[in-house]
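Asks: model the following, please.
(chains A and B)
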Amino acid sequence: MSENIHGFNYEKDADGIVTITMDMDGPVNSMNIQFRNAMKAVADKLEAEAGLTGVVVASAKKTFFAGGDLKELSSIPKGEEESAYRMIEDELKAPLRRWEKLQVPVVAAINGAALGGGLEICLACNRRIAWDSPKVIIGLPEVTLGLLPGAGGVVRSIHMLGLVNALPLLLEGARMPAAKAAKVGYVDELVANAEELVPAAKAWIKANPDAWAQPWDVRGHKIPGGDVWNPVNGQTLSLAVGTVFKKTRGLLPAPEQILQVASEAMCSGFESAMRQESRGLAYLLTTKEAKNTITAGFFQMNAVNGGAARPKDVAPSEVKKLGILGAGMMGQGIAYSAATAGIQVVLKDISVEAAEKGKAYSAKLLGKQVEKGRMTAEDQERVLGLITPSADYADLAGCDLIVEAVFENKELKAQVTKEAEAHLGEGAVFGSNTSSLPISELAEASVRPANFIGIHFFSPVDKMPLVEIIMGEKTSDEALAKAIDFTRQIRKTPIVVNDSLGFFTTRVFVTYLDEGVRLLKEGLSPVLIDNMGKYIGMAVGPLTVYDEISQELIRKMAATHREMGVFGAKMDYSVATEVAETMVNEFGRGGRHHGGGFYEYSEGKQPWGLLAELYAKDGIELPQADMQDRLLFRQVIETLKCLEEGVLRSVAEGNVGSMLGIAAPAWTGGFIQVVNTYEYNGEIGIAAFIARANELEAAYGERFAVPAILNEKLAAGELLV
Amino acid sequence: MPHTAYIYDAIRTPRGAGKQSGSLNEVKPISLGAGLLTELQQRHDLDTSYVDDVIMGCVTPAGEQGGDVAKHIVQFANWDESIPGVQIDRFCASGLEAVNMAAQKIASGWEDLIVAGGVESMSRVPMGASGGAWLNDPEMILNDSIVPQGIGADTIATIGGWSRTVVDTYAAESQKRAAFARDNGYFDKSVVAVKDLNGLTILDKDEFIRPGTTVETLSGLKPVFAPLGAMGFDDMVLKKYPDLMAIDHVHTAGNSSGIVDGSSAVLVGSEKAGKDLGLKPRARIISAAVLATEPTIMLTGPGPAAKKALAKAGLTAKDIDLFEVNEAFASIVLRFMQDLDVSHEIVNVNGGAIAMGHPLGATGGMLVGTLLDELERRDLQRGMVALCVGGGMGIATIIERV
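Replies: Below is the predicted model of the structure:
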């Protein structure tokens, strides 16, 4: 006797045990409207079921349960908090609570990933049995989406595991395989095969017919580790505030809400804390931070990583032998990333010694991993064995991809292109790791410009996840597909942009430096300026990052751009350049690694002594909001220009590229998405952004004029997607 | 003031190290307080039924210090059963707040004789044991950027440009002054030995002082608040203080107030009380002020409070002969001296809490006594007591010999 109730298969066996097998419409089970209908209907039926002895909750899908419906959740607008709260309370929590209060044992049979809502269903069961498989991933990752587990996840975790154990899992959004979940305490029992799950669940029910009460529903229940009166718990909460703030700088509300709900769980009763949890989720759902994180950090990131930009009709390729020209900082990093992905690498420089030095970088990084026990000495040898240092172009024979990473000089790049190509086959792709030089111009040196493409890595290569792929005028789809395949082969995220000075990332990044330097020239203190950058969530202030990039490099880049006749054409870093030239030419301040820049580093970081003399003005004061918005808006407006001009080929790549490549703060969801949810003077979205940009333009100049694309989108009632 | 509030006496226990190896660890908080009440009664042959109220500051009213410890102390001292008691908590200002409230009660004419002071056994009831939203409530901590006090003190030093050497130099001087004062008997008038049931002395002198402390010996100590700062609390401060690049963590166990046990009691009364009981007033309380300042840095209140009290009294800093400013941390006093433009020559002339310790709720009352003794010893007129207070508050009281 089996019945399908809104996608839940309801089947009662001869022993009176009902097995509910979730098999919802679509590829996965998720907390959508169908689920909410099913939960209520099944609760009604179970409560009325005669001769019921137990319930098994199982899944017919590969994943046990996929969690909340993010499309639905992220579409709840501001002002709809009350209906969101009611939905959470009445349609998610209440039916789960009814299942939980059935006076028969309820057991979850976890056959696949149970993340977020999936785990929350399991936590409302009396027992959790999981298949001991690495595919069975368990956890509450809501915080990584700007949300909190609102179907009882925070409160039940704390009541089950205690604050000290549960809080880190909730704040990190930890995901773990079933075996680890069993150690943590989320899972009670492991079975070796998925087929054993339901029988094991039924066996437990038969052996424990009276085990139907949840610990928190038993009189005298105490949270493991005690409540807030245990000093350890109080201390855990207060220290967690610091660690959360250090990570978020107060810019991400989700971990803060989790902390607050956790605190409530320690201070108030189970039901009260459950309501607080619902209020917290209702609040988070309509925040711009959650919407930005879900839209860009989740959906767009998945699309980009899934190869959305890859030409569909080109067969998949794999790089077997990679040639790298130049064993400097970038070349050696690329060699490391490729070799650790199992690719054979020829690392070529002008001398074998220089190339060996480049290889030594990989030896150093791998050695550290061996030291930490993350890699065996054999694996280290195997990876290092893949890298062949060389000074001979002939060694490039047989390479299917070249990445050129020599100095940013057009003639030098032309020369190495010619010399390398002489040894390459017809199908080999030549990639230039330039950060700003127009690819189409570099391609002029190539005999096969269709195979010539930009592959822009970020420093340090081994840590930075983004690769910016640049299409020259003549670059073929085959070359693009190969570059994307290679990027994914080395487990990095590719974005594809069209050729233009500074491409996308460099062009936007220099506006951050430029605006920081403008503030400096206006007379403000470097420390204040850098703090303003941090306040908007940038990893480092503009002047500090300028010192790292180095005034020397910006000065040289400007010189190259001038030589090529492109300076000032597309990317506005005129003030950054002017100050770099003053700093380098007149004072020898070339940057942190050139003896110091805006700051002195010899005895702890301090503003360089003469800087105040050069630029500081007494009595200059700007509203902090203006300083912060100037640093943010320059980057956003430049990104929008890239979109408008077709340098960016999609919004998703603009958002993902800005987050991974130039540290666009997590709360923004990238430098395009930030506009969609921008809040100003009671308005939300593009109109709000335009209103603020207009103010900045009036006060600080034309560079804050909004690109036409914004007004077009506003008029059309569209978002930037 | 309609009625002048006189100080008839001010006594205290010695301060014992606030840990289990400290001499006063074996003494209950109510015994510390009751010992002083007994002493007041005996010294002045006091008819205790004349006393209108006993106000005791206590910052950690939990456990054996909980449940209105002032009333417990009155009863435990066997004072007349008609005498009430009230425990108050204004964090580190509690002891001085008790004195100020007593003065206000007298000034109003509603009451005539009050015992005001405080008690804190930090070795038995640890700091923070009474909880508080600012310690445990993430929402409050985040909303107000509440950071550990020491980080606030470090921030004050950073803003003031006071290096580790500067604060250590201040601390070494506090030790030197305190040791000299104790060894020359400057505290003897006020310090009442703590005794056991046999009358045996448990402690009769401040035991926390470390004579011979130098800048060199202090320089080896670890900055206490650097690890907490690195856990994110520095970032919380920097979000309010954008002109700072980083917090210079200069405070150590050696240049911060010590954790100690102790109690204080100040006898405050009207002119009538003095006449009725044959007491001779030693000083009068001429003004007092309490206020609050920016709560993240938390400890910049003493200067503004002092100015408010001075304005109320129609005085300027130049009219004050001696200052007692609680040495919660070295930078607090450095900031105070800068705010009021006064010299270290007349501030904490007999050392302070860095050397002797800071028994939270009791300290304010202790400082009144220390100040009054020294005004008398030097035959000076006016003095001020000021303390920094949790939550950004500051308190100050001006007294004048009569």
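
Asks: can you count the residues close to B:G109?
Replies: Counted with other C-beta atoms under 10 Å in any protein chain shown, the neighbours of B:G109 add up to 12. Where C-beta positions appear, they are placed from N, C-alpha and C, glycine not excepted.

Asks: phi, psi for it please.
Replies: phi 80, psi 0 (degrees, to the nearest 10).

Asks: now do A:E408, the pLDDT please.
Replies: On the pLDDT scale, A:E408 is placed at 87.

Asks: where in the stretch 151-300 of chain B is pLDDT low?
Replies: Scanning the stretch 151-300 of chain B for pLDDT under 70 picks out no residues.

Asks: tell me the residues of it that contact chain A?
Replies: Contact residues, the stretch 151-300 of chain B versus chain A (C-beta under 8 Å from any C-beta of the partner chain): B:228, B:231-233, B:235-236, B:238-239, B:242-246.

Asks: can you put those residues in a markdown table and add secondary structure?
Replies: What follows is these, written out as a markdown table (DSSP: H, G, I helix; E, B strand; the rest coil):
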| residue | secondary structure |
| --- | --- |
| B:L228 | helix |
| B:M231 | helix |
| B:G232 | helix |
| B:F233 | helix |
| B:D235 | helix |
| B:M236 | helix |
| B:L238 | helix |
| B:K239 | coil |
| B:P242 | coil |
| B:D243 | coil |
| B:L244 | coil |
| B:M245 | coil |
| B:A246 | coil |
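
Asks: farthest pair in those residues?
Replies: B:M231 and B:D243 (22.7 Å; C-beta to C-beta).

Asks: before we move on, back to that, just the residues of the stretch 151-300 of chain B next to chain A now: which is nearest B:T155?
Replies: Using C-beta to C-beta, those come closest to B:T155 at B:L244, 7.3 Å.

Asks: residues in contact with that closest one?
Replies: For B:L244, the contacting residues are A:V527, A:N531, B:T155, B:T158, B:I159, B:V237, B:L238, by C-beta atoms under 8 Å, 6 or more residues apart in numbering or on different chains.

Asks: so the fifth one, which state does it fall into?
Replies: So that's B:I159. Relying on three-state DSSP, one would call B:I159 helix.

Asks: can you tell me how far it sits from A:R249?
Replies: 21 Å (C-beta to C-beta, to the nearest Å).

Asks: re the thing from before, which of the residues of the stretch 151-300 of chain B next to chain A tops the neighbour count?
Replies: So for these (other C-beta under 10 Å), the most neighbours sit at B:F233, 29 neighbours.

Asks: show me what contacts the closest residue to chain A within chain B?
Replies: Closest to chain A within chain B is B:G232: 3.1 Å, counting by C-beta to the nearest C-beta. Counting by C-beta under 8 Å, 6+ apart, B:G232 touches A:V241, A:G242, A:T243, A:V244, A:F245, A:K246, A:K247.

Asks: out of these, which sit inside helices?
Replies: A:V241, A:G242, A:T243, A:V244, A:F245, A:K246, A:K247 (DSSP state H).

Asks: now, which of those lie close to chain B?
Replies: Among those, chain B is touched by A:V241, A:G242, A:T243, A:V244, A:F245, A:K246, A:K247 when using C-beta under 8 Å from any C-beta.

Asks: ranking the contacts of B:G232 by neighbours, who comes first?
Replies: A:V241 (28 neighbours).

Asks: mind checking which helix or strand A:V540 is in?
Replies: Using DSSP states H and E, A:V540 sits in no helix or strand.

Asks: could you say which helix or strand holds the residue found closest to it once you drop the neighbours it is linked to in the chain?
Replies: Once flanking residues are discounted, A:V540 sits nearest to A:G533: 7.0 Å by C-beta to C-beta, 6 or more residues apart in numbering or on different chains. A:G533 belongs to helix A:526-535 when assigned by DSSP H and E.

Asks: count the residues that sit near A:G226.
Replies: 15.

Asks: wait, it sits on A:N233?
Replies: Yes - with contact defined as C-beta atoms under 8 Å, A:G226 and A:N233 form a contacting pair (6.2 Å).

Asks: so where's the stretch 1-150 of chain B shaky on pLDDT?
Replies: Residues of the stretch 1-150 of chain B that meet the cut-off, pLDDT under 70, sit at B:1.

Asks: if we use 90, what do you get?
Replies: Judged by pLDDT under 90, the stretch 1-150 of chain B has its weakly predicted residues at B:1-2, B:136.

Asks: and it, which residues reach chain A?
Replies: Checking the stretch 1-150 of chain B against chain A by C-beta under 8 Å from any C-beta, the hits are B:G128, B:A129, B:G131, B:L135, B:N136, B:D137, B:P138, B:E139, B:I141, B:L142, B:V147.

Asks: residues in contact with the second one?
Replies: Contact analysis of B:A129 by C-beta under 8 Å, 6+ apart lists A:P231, B:T60, B:A62, B:G63.

Asks: among those, name the buried ones.
Replies: Buried by 16 or more other C-beta atoms under 10 Å in any protein chain shown: B:T60, out of the contacts of B:A129.

Asks: keep only those of the contacts of B:A129 that are in helices.
Replies: Reading helices off those with DSSP H, I get A:P231.

Asks: give me the pLDDT for the spatially most central residue of chain A.
Replies: Central residue of chain A (C-alpha atoms, centre = their mean): A:G297, 5.4 Å from the mean position. Reported pLDDT at A:G297 in the predicted model: 94.

Asks: for it, list the residues it contacts.
Replies: A:T144, A:L145, A:G146, A:M659, A:A666, A:G669.

Asks: with distance to B:P304 added, can I get the contacts of B:A129 in JSON lines?
Replies: JSON lines is the format used below for the contacts of B:A129 (distance: C-beta to C-beta, whole Å):
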{"residue": "A:P231", "distance to B:P304": "34"}
{"residue": "B:T60", "distance to B:P304": "26"}
{"residue": "B:A62", "distance to B:P304": "31"}
{"residue": "B:G63", "distance to B:P304": "34"}
